[in-house]
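*Asks:* could you look at this predicted model? Sequence included:
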Number of protein chains: 2
Amino acid sequence: MTIRVLVVDDQTVVRAGFVAIVDAEPDLTVVGQAGDGATAVALAADLAPDIVLMDIRMPGLDGLAATRLLTEKADLPKVLVLTTFDLDEYVYEALRAGASGFLLKDAQPQDLLNAIRIIATGEAVLAPTITRRLIQTFTQPQTPTPAPSPLLNSLTPRERQVLTLIAAGHSNAEIATTLGVTVGTTKSHVNALLTKLNARDRVQATITAYNLGLAHPRN
Amino acid sequence: MTIRVLVVDDQTVVRAGFVAIVDAEPDLTVVGQAGDGATAVALAADLAPDIVLMDIRMPGLDGLAATRLLTEKADLPKVLVLTTFDLDEYVYEALRAGASGFLLKDAQPQDLLNAIRIIATGEAVLAPTITRRLIQTFTQPQTPTPAPSPLLNSLTPRERQVLTLIAAGHSNAEIATTLGVTVGTTKSHVNALLTKLNARDRVQATITAYNLGLAHPRN
DNA sequence: GGCCGCCTCTATCGCTGGGTAGAGAAGCCG
DNA sequence: CGGCTTCTCTACCCAGCGATAGAGGCGGCC
């Protein structure tokens, strides 16, 4: 089963380079080339390639717009964006446009070929520089201030455990059995908990748990 | 300039495998091994490795905790997490803990070696499966599809109102006065609500409210 | 050793919460 | 109009929850 590749770049020399690299592989074959976005979209409809190697900067319909058109419908070609510049805007727009990968043109041929094969399986590949930045922007909002709330620290480990179970919707009896203690003991913990959290009942405790980050809405 | 590697895994066989792969490379050298997180942290302080290959599941201090300790101070070793399971929780926690990379143990040796060299330059590497999911969760919030849950639509306006008040921590009596009805009426609504939400009590209803987006952790 | 914090357990008590089974009033829609 | 849904209310019951007031064991700390 060979992987069918469509090469899209406005510079003939660059296209030739990619074609040479890809066609040299036994399991890959270049089924077409395009010099602008509009041609790429039209060709993709005819040729049904598995992978599109897409440049961004092109006359007319650019690579990002073309990617959007290509990935709108399901089970259409996976797009691997290749560009000289790793500007953040390009990267994020490309990913939002539906690209499965983003490499720089100075990548090693071997890396490019690997990327094509991985993307063909439905997975994704990013240039290491970009991976680093994506992780950064991903962990940044998550860790502005991990907020080691004084409230949380005032709880004993056992109380934190009980609070988590309460916020998971468990009754005292259930908590007791999961912790291997009596219901009475659980009640003791719950009472201490409610007092410390200044909560009237377990619902208010649950709300506090969410606010403290002990529980998360799953979506 | 050789890259100095510390191998951390609780299974001796696995360690041996990594050591063999890494030490076979002329530009890489294994400077030490550890079988648990605590040892890893201590060894890292002595040996000052460039890269730590870190397993997650280990006795005592696990890989995530050890990573946190290792990456707390600046210019300390880069951590490449290697695990058998690509559970989302592991991945995100590892990245937040400061890991520079995340690969599965079934990765090709060549990929592992590449990853080590890339991470040593300060960039980042993720397994393709993970890259795909990271991109997904990254582009997901951009999609303006608030996902109108069928559950929410099955509720009458009054029931939604009651649910919101429950999730705000109010008692039946308080809800009754807020809505200007009797406690009995409130109970009727609460009962209908719990049945529809398939919740046993108001805590579980509250959790559902958070998941449906009717309530939000304030932070 | 003595103190203290945490975990454990017991016991009792009142109240809220949730289940069940009604029934009447108002509004919408075919 | 007749049927439907929704909102309202009533009454009863009991299980679970939360408050209170204990007490003993264990470990760490001074």
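*Replies:* Thanks, I have it.

*Asks:* only C-alpha atoms from now on, for both contacts and neighbour counts.
*Replies:* Noted.

*Asks:* and residue A:108, backbone torsions?
*Replies:* Here is the backbone geometry of residue A:108 (degrees, to the nearest 10): phi -70, psi 140.

*Asks:* ok, it to residue A:42 distance?
*Replies:* 30 Å (Cα to Cα, to the nearest Å).

*Asks:* residue A:129 now?
*Replies:* Applying Cα to Cα, the value for residue A:129 to residue A:42 is 32 Å.

*Asks:* which of those two has more neighbours?
*Replies:* Remark: of residue A:129 and residue A:42, residue A:129 carries more neighbours, 18 against 12, as counted by other Cα atoms under 10 Å in any protein chain shown.

*Asks:* tell me which helix or strand the more buried one sits in.
*Replies:* Using DSSP states H and E, residue A:129 sits in helix A:128-142.

*Asks:* got it, and residue A:165?
*Replies:* Residue A:165 belongs to helix A:157-167 when assigned by DSSP H and E.

*Asks:* what angle sits between the helix or strand that that helix is followed by and helix A:157-167?
*Replies:* Counting by DSSP H and E, the next helix or strand C-terminal to helix A:157-167 is helix A:172-179. Interaxial angle, helix A:172-179 versus helix A:157-167 (axes from the mean of the first three to the mean of the last three Cα atoms, to 10 degrees): 130 degrees.

*Asks:* now helix A:172-179, how far from the chain's geometric center?
*Replies:* Helix A:172-179 has its average C-alpha position 37 Å from the chain's average C-alpha position, going by Cα atoms, centre = their mean, to the nearest Å.

*Asks:* can you check stretch A:50-59 too?
*Replies:* Computed by Cα atoms, centre = their mean, the separation of stretch A:50-59 from the middle of its chain amounts to 21 Å.

*Asks:* my guess is residue A:37 meets residue A:58, correct?
*Replies:* Yes: shown here, residue A:37 and residue A:58 form a contact pair, counting by Cα atoms under 8 Å, at 7.2 Å.

*Asks:* and these two? Which one has more around it.
*Replies:* residue A:37 (28 against 17).

*Asks:* could you find the closest non-adjacent residue to residue A:165?
*Replies:* Once flanking residues are discounted, residue A:165 sits nearest to residue A:175: 6.6 Å by Cα to Cα, 6 or more residues apart in numbering or on different chains.

*Asks:* count the residues that sit near the one you found.
*Replies:* What residue A:175 shows, counting by other Cα under 10 Å, is a neighbour count of 22.

*Asks:* residue furthest from the geometric center of chain A?
*Replies:* residue A:184 (45.6 Å; Cα atoms, centre = their mean).

*Asks:* list the buried residues for the strand or helix carrying that one?
*Replies:* Here residue A:184, judged by DSSP H and E, is contained in helix A:183-197. For helix A:183-197, the neighbour count (16 or more other Cα atoms under 10 Å in any protein chain shown) marks A:183, A:186-187, A:189-191, A:193-194, A:197 as buried.

*Asks:* over to stretch A:42-57?
*Replies:* A:43-44, A:49-57.

*Asks:* residues in contact with the helix or strand harbouring residue A:40?
*Replies:* Here residue A:40 sits within helix A:37-47, counting by DSSP H and E. Helix A:37-47 has contacts (Cα atoms under 8 Å, 6 or more residues apart in numbering or on different chains) with A:6, A:8, A:31-34, A:58-63, A:65-66, A:69-70, A:77.

*Asks:* still on that earlier bit, how about the buried residues of helix A:183-197 in JSON lines, adding pLDDT and distance to residue B:115?
*Replies:* Output for the buried residues of helix A:183-197, formatted as JSON lines (pLDDT from 0 to 100; distance: Cα to Cα, whole Å):
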{"residue": "A:183", "pLDDT": "91", "distance to residue B:115": "51"}
{"residue": "A:186", "pLDDT": "92", "distance to residue B:115": "48"}
{"residue": "A:187", "pLDDT": "91", "distance to residue B:115": "51"}
{"residue": "A:189", "pLDDT": "91", "distance to residue B:115": "48"}
{"residue": "A:190", "pLDDT": "91", "distance to residue B:115": "48"}
{"residue": "A:191", "pLDDT": "90", "distance to residue B:115": "51"}
{"residue": "A:193", "pLDDT": "89", "distance to residue B:115": "46"}
{"residue": "A:194", "pLDDT": "88", "distance to residue B:115": "49"}
{"residue": "A:197", "pLDDT": "85", "distance to residue B:115": "46"}
